[in-house]
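>>> Sequence first, predicted coordinates after that:
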Amino acid sequence: MPRIPVLLLALIPLLVAVPAARAAEPSSPPFARAHFVLPPAIFIRHHPDRVFIGPATTELSGGDILMIAPWGSTPAVFEELRGVYPLPDFYRSSDRGRTWRRTERLAMAWNITGTINNGGFSLLRLHDGRLALLAHRYVPDNKGGGLPVISFSSDDGRMWTPARIVGREFAPDDAWYVMNDRLRQLRGGRLLIPVAHAVRGSGSEGDLAEAGCFYSDDAGATWKLSNLVRPAGALRGMAEPCAAELPDGKVLMLGRSGTGFLVRSWSADGGITWSAPVNTPLLSPCTSLTLRTLPDGRLIVFYNHVREDGPGSLFPRCPLVYAVSADGEHWSAPVIVDDEGWNPGVATRENIYPAISFLREGMLVLWSSHFSTAGRKRRTLDENAIGGGKRAILAYPER
């Protein structure tokens with residue numbers, strides 16, 4: 001029997017251990033996977049200069065699903081794109097979100113300064129039957145911020161009232177932010193627009209934010225502003241908030257924070273005053289989230305459940321999951337919606353900014369799947385075109 005050199009004998013355990021260690025690495029996050037009525041698939045592709053992001057959806061009276069998105073993200077320059085894409089197009093689905101077709105351009109007079117940015121849209125059927133559309137007005141050289149813009153339609157989205165800025169009469173033309181799928185109407189009729197405001201002295205992109213709500217008790221004719229809150233010591237404050245009402249009338253506001261978790265604040269008076277925010281048990285970098293009230297009264301939040309890269313990090317942004325709560329305090333384990341691009345210790349894809357419609361057969365979810373810019377400010381044009389808008393229909397979570 002040939003003799004094996006001593007050095008080679010010493011290396012054998014290491015050589016054997018390497019593939020064993022790799023085999024032990026999970027191929028997906030260790031969470032349960034959502035039950036799909038319709039599995040995730042890209043339904044619209046990114047363009048090199050424009051990225052599908054920040055969609056809104058609503059069900060029309062005839063059963064079609066209406067969708068709109070602002071189509072913009074770096075390296076796009078919004079001022080340059082405005083001449084080509086002054087207002088975005090609507091998309092419609094006649095088969096419950098399975099396929100989509102581009103239809104008419106948004107028929108709304110935009111007689112204000114600024115452009116529709118990639119903050120996102122909200123579409124909401126109001127108690128009085130109208131459709132409301134909420135957007136974000138981008139103002140150049142203002143930390144990426146502006147103010148919310150609202151419009152209404154009485155004919156199922158064919159024509160819209162002229163765009164009107166919310167809050168200008170008492171809020172300075174400062175850096176405010178509103179994201180997609182945010183507009184809410186409480187059972188008593190009050191309209192809420194959760195917003196973030198750049199704290200004085202924050203960075204060029206409003207890196208430190210405080211959160212609150214614009215609210216209206218006259219169907220959107222006039223608006224007031226709640227108190228603004230942020231968690232003590234949070235590196236990014238409370239950004240991109242969203243709100244939802246519980247059956248007992250309390251309103252929960254969740255936001256991204258830079259603490260490594262989503263943070264929460266409570267309102268007992270319909271969004272006029274908010275408690276000091278604290279961490280939830282929902283692990284998350286400072287990245288996107290969408291909070292809704294399920295038809296059965298429970299809360300559901302879609303977010304990126306993953307440990308942040310470092311203190312205050314915006315990454316990773318994968319996987320996209322949901323969690324459910326009956327009281328806004330205690331949450332279920334995460335359930336995976338999309339983990340494409342997930343790898344241990346690194347995420348090559350961002351699965352972000354979902355919009356949700358509650359249909360009879362399940363939850364229609366639309367989101368954006370990007371090439372990740374972790375560690376960089378911009379994607380290349382080729383990277384920008386990777387991915388697109390995804391859609392899936394999820395079975396409602398069991399109790």
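Looks like it arrived, so ask away.
>>> ok, so what distance separates the closest residue to residue 94 other than its chain neighbours from residue 190?
Among residues not flanking residue 94 along the chain, residue 64 sits closest, at 5.3 Å (Cβ to Cβ, 6 or more residues apart in numbering). For glycine as for every other residue, the C-beta is placed from the backbone atoms N, C-alpha and C. According to Cβ to Cβ, to the nearest Å, residue 64 stands 28 Å off from residue 190.
>>> and the spatially closest residue to residue 288 that is not a sequence neighbour, helix, strand or coil?
With sequence-adjacent residues excluded and distances taken as Cβ to Cβ, 6+ apart, residue 288 is closest to residue 352, at 4.3 Å. Under DSSP: H, G, I helix; E, B strand; the rest coil, the three-state class of residue 352 is strand.
>>> where does residue 352 land on pLDDT?
On pLDDT, residue 352 comes in at 96.
>>> Kindly report the same for residue 382.
Residue 382 carries a pLDDT value of 86.
>>> before we move on, back to that, quick one: contacts for the residue nearest to residue 288?
Shown in contact with residue 352 (Cβ atoms under 8 Å, 6 or more residues apart in numbering): 53, 287-288, 304, 317, 320, 367-368, 370.
>>> can you put these in TSV and add pLDDT and secondary structure?
Rendered in TSV, the data for the contacts of residue 352 read as follows (pLDDT from 0 to 100; DSSP: H, G, I helix; E, B strand; the rest coil):
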residue	pLDDT	secondary structure
53	90	coil
287	95	coil
288	96	coil
304	97	strand
317	95	coil
320	98	strand
367	97	strand
368	95	strand
370	89	strand
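>>> And these, which is closest to residue 176?
Nearest to residue 176 out of those is residue 288 (Cβ to Cβ; 17.4 Å).
>>> what about the closest one, how many residues close to it?
Neighbour count for residue 288, taken as other Cβ atoms under 10 Å: 28.
>>> Tell me if I'm right that it and residue 303 touch.
Yes. Between residue 288 and residue 303 there is a contact at 7.1 Å, judged by Cβ atoms under 8 Å.
>>> related to what we said a few turns ago, ok, the residue nearest to residue 94 - how many residues close by?
Going by other Cβ under 10 Å, the residues that sit close to residue 64 add up to 17.
>>> measure it to residue 129 for me?
For residue 64, the distance to residue 129 - Cβ to Cβ - is 17 Å.
>>> sorry, back to before: in the sheet, who's paired with the residue nearest to residue 288?
residue 368 (DSSP bridges).
>>> In space, what's closest to residue 340 - neighbours in sequence excluded?
Spatial nearest neighbour of residue 340, excluding adjacent residues (Cβ to Cβ, 6+ apart): residue 349 at 5.5 Å.
>>> wait, what's in contact with the one you found?
Shown in contact with residue 349 (Cβ under 8 Å, 6+ apart): 317-318, 340-342, 369-372, 387.
>>> Can you tell me which of these is closest to residue 380?
Nearest to residue 380 among the contacts of residue 349, with distances taken as Cβ to Cβ, is residue 371, at 8.7 Å.
>>> So that closest one sits against residue 378, correct?
No. Applying Cβ under 8 Å, one finds residue 371 not in contact with residue 378, separated by 11.0 Å.
>>> Buried residues of stretch 290-303, list them for me.
Of all the residues in stretch 290-303, those buried under the rule 16 or more other Cβ atoms under 10 Å are 290-294, 298-303.
>>> Sorry, slip of the keys, the one I care about is stretch 265-277.
If you call a residue buried by 16+ other Cβ under 10 Å, then stretch 265-277 has these buried ones: 265-267, 270-272, 274, 277.
>>> Ok, stretch 377-393 next?
Across stretch 377-393, burial judged by 16+ other Cβ under 10 Å covers 379, 383-393.
>>> With adjacent residues omitted, what lies nearest to the spatially most central residue of the chain?
With distances taken as Cα atoms, centre = their mean, residue 353 lies nearest the centre of the chain, 2.8 Å away. Spatial nearest neighbour of residue 353, excluding adjacent residues (Cβ to Cβ, 6+ apart): residue 288 at 4.8 Å.
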